[in-house]
Structure formats: structure tokens, C-alpha cells
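*Asks:* the following block contains a protein sequence and its predicted model.
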Amino acid sequence: MQLTPNEAQRRIQELAREVARTELAPKAAELDATGRFPTESFQALAKRGLLGLSSPAELGGLDAGPVALALALTEVAYACPSTAVGMSVTNMVGETLSRFGPAALARKYVPRLTSGEAVAGAFCLSEPGSGSDAAALSATARRDGDHYVLSGTKMWITSGAYAGVLIVMARTSGPETGHRGISAFVVEPTFPGFAVGKAEKKTGLKGSNTVPVVLEDCRVPADNLIGAEGMGFRIAMTALDGGRITIGAMACGIARSALDVAARYAATEQGGALGELASVQHRLADMATALEAAELMVHRAAWMKQQAAETGRRFTREAAMAKLYATEACKRVTGAAVEVCGLDGVTRALAAERAMRDARVTTIFEGTSEIQRLVIAREVLARLGQ
Amino acid sequence: MNFELTEEQRMLQQMVREFADERVAPGAEHRDRHHEYPAELVREMAQMGLLGVAIPDEYGGAGMDAVSYALAMEEISRACASTGVIMSVNNSLVCDPIYKFGTEAQKREFLVPLAKGDKLGCYGLSEPGTGSDAAAQTTMAVRDGDDWVINGTKNFITNGPQADVCVLIAMWDRSKGARGIVAFVVDLHQPGARVGKIEDKLGITASGTSSLVFEDFRVPDANRLGQPGEGFKVAMATLDGGRIGIAAQAIGIARAAFEAAVKYSTERIAFGGPISNLQAIQNKIADMAAEIDAARLLTLRAATLKDQKVRHSKESAMAKLYASEMAQRVTHQALQVFGGYGYIKEYPAERHYRDQRITEIYEGTSEIQRLVIARSVLTEAAARG
């Protein structure tokens, strides 16, 4: 066992830490206050290769693997969670296209994502009536010559108004076919019939853009079908297995930033007297323990994903555990950080309350905690139950 | 990063799991009910090298590492938590400090038979009035020529009724506080040492717990572990390792409770099907599974740091704190899955529930672990400014 990063992973971690602390952190409070989407932050990430961490080198990626991606996301989320979530999705979109192809499609779009030309990638699965029950989605894709015609509304789309490359899940056969009737497409915002709705006003991650994507007879070239017809659900679930690890990694960064704020406050407030109180110490100890357990859970899942490329071993259970554990820990840790800082914790002078708000959605998006529990229980019962 | 066990670690884990399933688990309920010390099992474990897992072969041990030790502790404790703590004390609290702080002569005389399991060890730190505030020792060691004369009572001593050897902590200069403490390795069969009150406990009832009374007990200076004044350091460093063992014990107990609950949930029919179909039960199963894994990762991380000879006080404290409190939640929820059957002694859930409780108390209460962790978090924060 070697539970610390290797040399190559550490280099990526340091690269991410450097850009996060010098270019992203200084803007985090402003983005939270204004809700501005930080296009320039995505350019800064792209310049260092951080939007293509899990894409192959021939498509402009760093091919650094899931562990390095997790480490980098934790660093970026420590500085600016709003940017981290867009980075997470962009990497996921690049990885999905690289993996499922076809090759020509990946060659066309992945370099746009890794270079920053597309600004960001987006992943359009949820709908107004289909969240946790993803297989019940109702957007349709009808074949028409060398095009598909997509219709439907996608909800909660991260970076939706800025993304140059979007993956959209839609039905190529009727609702009775369930998850087998779903296909995945690459859509560009310039395609006729593509529109985005009004940006959502959210509790946290305010610098991240969240919009509905509306497709009205949107014409998509048939070549933009990812994989094959009917593979969409599998593609989405594979992407989410990885996405759960990256959201877990992001939650660790948010939690770490909140713990640092609270520990610094306790160590310095009233000449350090606050930190002498056992009540405060116990909070800090529980926060640090939960956070470090969460990091281990995320790193293990990322390592398993990395191994899976060779061993083929599934990591669904570990990825779900990483997301469940890390995001629930993040929620508790950021809440406790506010409490350690008392009334100062609820003002914007300290970043604790922002961390608490940014943390909140992590137990909801890319699979709610309830869905993670179902996934874990299913895996446990299949293995241990009779 | 690499989360894989080595071939050797996996083999040990497999071997201990089979031994625990075949030999340790079957009598666990009987021993619990009758408070029966597993003397025969301890002998068998000795033959397998489980009483000195991480002690090199040349000193009678199995020559493996702290990760292997944690894995073995989990497997034994999953079958029987009482047997687990007997093993843990001998490994972590007795063999370990003699190996780390002892002279070559002490290793030959004491470590070899302890690691081989020819003798059994115990650890004398707590006193009737000295628990978490371990520096407030009242057992006195007075220098007399080449000997020390020791007077005092040690309390809550695991293996106390059975042990041959004790790593004994005492005060030699009260004016120096924690720096006035001295550690020894002593032969309990010498005159002046006797077993005091044997405790009747809530859980781990098959392990022996007693006080040890020392009255004008003479110990040669050659039996001193470390310098006079280093006793507190010896005691605390020992507990850093011991906490890994107790964390692993807690994980073993939790796993036993969890696996029994999962199995039961697939057999118990309610509302027209097995209760494992109910989300209320599935949610418990998921949380239990995730928490067990988190505890194991914290524990194996602390063990890898110990193997790398890196300071691991914070990491051991985190492992012990989290694993023991996790085991509280898991054994509680497992009993809940069994419903009324969980509350009666025909089913194992109530034993796991009782056995878990001590893991939050001994080798440093949860409250002490939090102080250790917080001190480290605050020091790091102050250093960053």
C-alpha cells in the first residue's frame, strides 16, 4: 500500500494548486457575489492542460488518470468550487467522447475541450420530470436522413450557456424501451433549434452557470451520435461512475477550505484562547477526521478506476461510497466551520458561509445521496446476501 | 497511489480469516455467556505467529508489518472480540514497546517468549484514580541500589489475570510531572505482585480484566525500558500503535454485526418480501458499508505510516476515534435490522453491540483522541498563519 500520490500525480496536484491559489482563489468571493461565469478561469485551466486530465495525449489531453484528476479537482475546489464543478464536467465530457467515440467524433471535439476553445463541456441528462430516475427521460431524437432531430428540455445543466460542446441524452425509441431506448449525442450551441433558458438562482456555486437547455427540432448530424444507438444510458452511467469520484474530490476541497478557515480562526482568535476550549477542539477533530476519511475514500475509488482500465474490475460501489461519504462529510464539515467561527462565520468576511453554501448541492447533483445508498446496497446485497 | 495489499498480506488475511471462521467463531457465544477465557485459542494463535505479528523472526515474531497486524486483528475480532483484545494487548502494548525501547538483553529475556506466545503480556498504565490523565501516576518506583521498589495498584488491566509479563508504568519523581515517569518490563511471577479484583464487564467478557497490586515489588534496574523520565514517552508511543489494533478490533466487530444483519435482511419476510427490499433497510446497509470502509482506510493508512516509521499520532487517533464510533453506529443499526431478535441472546447482534462499547474507552477515550487530533490541526493552522 502506498496511500500518498506518486511523483507524476504530485506534479499535477502542484500544478493545479499553483493556478488555483494564484488565479482562481482571488476571484472566488467576487464570483459568489455577482454570479459571473469566469470564462478566463477556464482559459487558465486549459492553458495548464487541466481540462484534459483524463483525455489522451493525441487529443490534446494530459492522460494523467483518475487519481491525478481527483487531486487536481480538490485543489481547484479548495480555491473556487464554482470553477471546479465546470472543470469536473468538462473533463468528464472529454473522457466520455475519448472512450466511446467513434474516433472521428472524438478527434473533432475533444481537442476543443482540452484546448479551452469550447470554454467548457456540458452533460445534459436531467429533465424537469427525470432526475434520480434517469431512465425515465423523455427528450426525443428522431432520425431524419443524415441528421437526428432532437426535442425536449434538459434541466440543471452546468456551464450550459457557455459550453461549446454538450453531450445530450435523448430517446431514439419509445418510453416502453426504458433505458435501452436512450442514445447520446454531441450538440453544439450553434446548431439550429438549440437554446438555453434563464440561469438558475442558486444557494451556492454561484459562479457556475446552471441553465435549462431547450431543444426544439434541433438538427444534429448523424455523425454526432456517441457510440451507437441505445448506448446512451450505459454511456451516462459510466460517465457518472467517474463523475461521482470527481464530485467527491471536489467536496474534499470545499471541506478542506472550511476546516482551514475554522482552524485558523480558533488558533488566532482571542490570542488562541478559542482553540483551547475542548468544545472547539472536538469540533475540529471530528471535521479533520471526516475529511481525511473522505479523501481516502475518494482516492481509493479513483485508484480503482485507474486499475479498472487493466483489470476490468468494477468500481461502482466504491465510487458511490466516495461520493456519498465525501459529500455528506463536506456538508457536516462546512456547517461545523461556520459554528466554530460563531457570528463571524455567518458573515462574508470569512469564507466559511460560502463554503457551506457551495457544499450544499454536492449531496444532490450527479446522483443524490439517496441514489448512492441504493447503488451501494444493491452491490452489497448482490455480494453478501444469499 | 496504490491501495493493493501485498501478496504476503493477502495470504495472511486469508489464513487468519479461515482460522477465525473455523476455530474462533464457533465458541464465541458460549465463551461470552460463561466468561470463559480462550486459553486453547491463544495457544493456537501463538503457533500461527499471531501474538507477535510485526516482531522480526529473530525475536520470535512472525516478521510481518503493521498493515498485516491490522488485517489479522480485524479477522480475529470479527469472530470474537474478546480473543481480539487479548491478541491486541500482547502485540501492541507489550511486544511493541519492548522491541522499540528495550535493550538486547530485555528482548532476549522477554520479547522472544512473548512474541512466540510462550508467555502472555499485559500493560500497566491505568490506575483506580488515573485514566485519561495518564501523567498523574501514583504508583511509585523508588530506587534502591540496583533495584527499584514499586508500590501501587494498576486498574482495568486486560490479560491481568492471565499475564506473565507486564509493561509497567510508574512515577519515580513526582515533582517532574510527566517527565518523572519511568517504564519497566517486569515478571509478574516475582514476589510482591498479585492479581487484584477481577472485573465483571458489559462486553468482551471472555477476556480477563483485573487490577494488579504491587507491594514492595522489587524490579532490577536492568528491567527499565528507556531512561527514567522517558516513561511517559514510552507509554504514549505505545498507545499510538495500540490504537491501530483497537481500531482494527472495532472494524472486526462492526463487520461481524453488519454481515449478520445483511444476511438476516435477506431471510426475514415482512410486507410481502425480504426486508432487504425495503429502502429503510437498504439505507442502513449502505451507510454501514461505507462507514466500515472509511474506518478501514483510516486504519490501514495509520498502519502504513507506522511501517514507514513516520510519526502517526494524529492518524492513529483518527483511526481509533472513527473506527470505534463507527462500530457503535453499525452495531446499533445491525441490532435494529434484527428487531426483537436483535435483543435476545440467541442472535449475535446483542453481543456485538456490547463488545463494541469498550472500543470507545480503552487505549484512550474518544475525548482524548479528539484532543490529540485537534492539537495537531491547530498546530498546523498556527504554522500556516
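*Replies:* Sure, I can see it.
*Asks:* how many residues are close by residue 296?
*Replies:* Assuming you mean chain A. Summarising burial for residue A:296: neighbours were counted as other C-beta atoms under 10 Å in any protein chain shown, giving 23. Every residue, glycine included, has its C-beta placed from N, CA and C.
*Asks:* I was thinking of chain B, sorry if that wasn't clear
*Replies:* When counting by other C-beta under 10 Å, one arrives at 24 neighbours for residue B:296.
*Asks:* up against chain A, what does the stretch 201-350 of chain B have?
*Replies:* B:259, B:262-263, B:265-267, B:276, B:279, B:282-283, B:285-287, B:289-291, B:293-295, B:297-298, B:300-301, B:304, B:315, B:318, B:321-322 (C-beta under 8 Å from any C-beta of the partner chain).
*Asks:* residue contacts, residue 172?
*Replies:* In the absence of a named chain, chain A is used. With contacts taken as C-beta atoms under 8 Å, 6 or more residues apart in numbering or on different chains, residue A:172 has the following neighbours: A:140-141, A:143, A:148, A:181-183, A:229-230, A:232.
*Asks:* let's do chain B instead
*Replies:* B:140-143, B:148, B:180-182, B:228, B:231.
*Asks:* tell me the least confident of the residues you listed?
*Replies:* Taking the contacts of residue B:172 together, the minimum pLDDT is found at residue B:228 (92).
*Asks:* those strands in chain A, which residues are they?
*Replies:* For chain A, applying DSSP state E gives strands covering A:121-124, A:140-144, A:147-158, A:165-171, A:182-187, A:194-196, A:210-221, A:225-226.
*Asks:* what packs against the third one?
*Replies:* Which is strand A:147-158. Counting contacts by 3 or more C-beta pairs under 8 Å, 6 or more residues apart in numbering or on different chains; DSSP states H and E, the secondary-structure elements packed against strand A:147-158 are helix A:81-100, strand A:121-124, strand A:140-144, strand A:165-171, strand A:182-187, strand A:210-221.
*Asks:* the last one versus strand A:140-144: what angle between them?
*Replies:* What separates the directions of strand A:210-221 and strand A:140-144 is an angle of 20 degrees, with axes from the mean of the first three to the mean of the last three C-alpha atoms, to 10 degrees.
*Asks:* how far out from the middle of the chain is strand A:210-221?
*Replies:* Here strand A:210-221 shows a centroid-to-chain-centroid distance of 22 Å under the convention C-alpha atoms, centre = their mean, to the nearest Å.
*Asks:* mind listing what it pairs with, with the direction of each?
*Replies:* Strand partners for strand A:210-221, identified by DSSP bridges, are recorded as strand A:147-158 (antiparallel), strand A:194-196 (antiparallel).
*Asks:* could you dump the ones you listed into JSON lines with mean pLDDT added?
*Replies:* Listed next are the strands paired with strand A:210-221 as JSON lines, based on pLDDT from 0 to 100:
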{"stretch": "strand A:147-158", "mean pLDDT": "97"}
{"stretch": "strand A:194-196", "mean pLDDT": "98"}
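*Asks:* need the pLDDT of the most centrally placed residue in chain A.
*Replies:* Against the mean C-alpha coordinate of chain A, by C-alpha atoms, centre = their mean, the closest residue is residue A:88 at 4.0 Å. At residue A:88, the predicted lDDT confidence score is 97.
*Asks:* now swap in residue A:347 and tell me
*Replies:* In the prediction, the pLDDT value recorded for residue A:347 is 88.
*Asks:* now the one 10 residues further on
*Replies:* Residue A:357 carries a pLDDT score of 97 in this model.
*Asks:* where does pLDDT dip in the chain?
*Replies:* All of this is about chain A. The model of chain A has pLDDT under 70 over residues A:385-386.
*Asks:* that was the other one, I meant chain B.
*Replies:* Scanning chain B with the threshold set as pLDDT under 70 gives B:385.
*Asks:* tell me how many other residues surround the closest residue to residue B:226 other than its chain neighbours.
*Replies:* Counting by C-beta to C-beta, 6 or more residues apart in numbering or on different chains, the nearest residue to residue B:226 once its immediate chain neighbours are dropped is residue B:101, at 4.6 Å. Taking other C-beta under 10 Å as the criterion, the count of residues near residue B:101 is 21.
*Asks:* mind listing what residue B:101 touches?
*Replies:* With contact set as C-beta under 8 Å, 6+ apart, residue B:101 has these partners: B:183, B:225-226, B:230, B:234, B:237.
*Asks:* which ones among these map onto strands?
*Replies:* Where these overlap with strands, as defined by DSSP E, the overlap consists of B:183, B:225.
*Asks:* who wins for most neighbours among the contacts of residue B:101?
*Replies:* By neighbour count, taken as other C-beta under 10 Å, the most surrounded of those turns out to be residue B:183 (27 neighbours).
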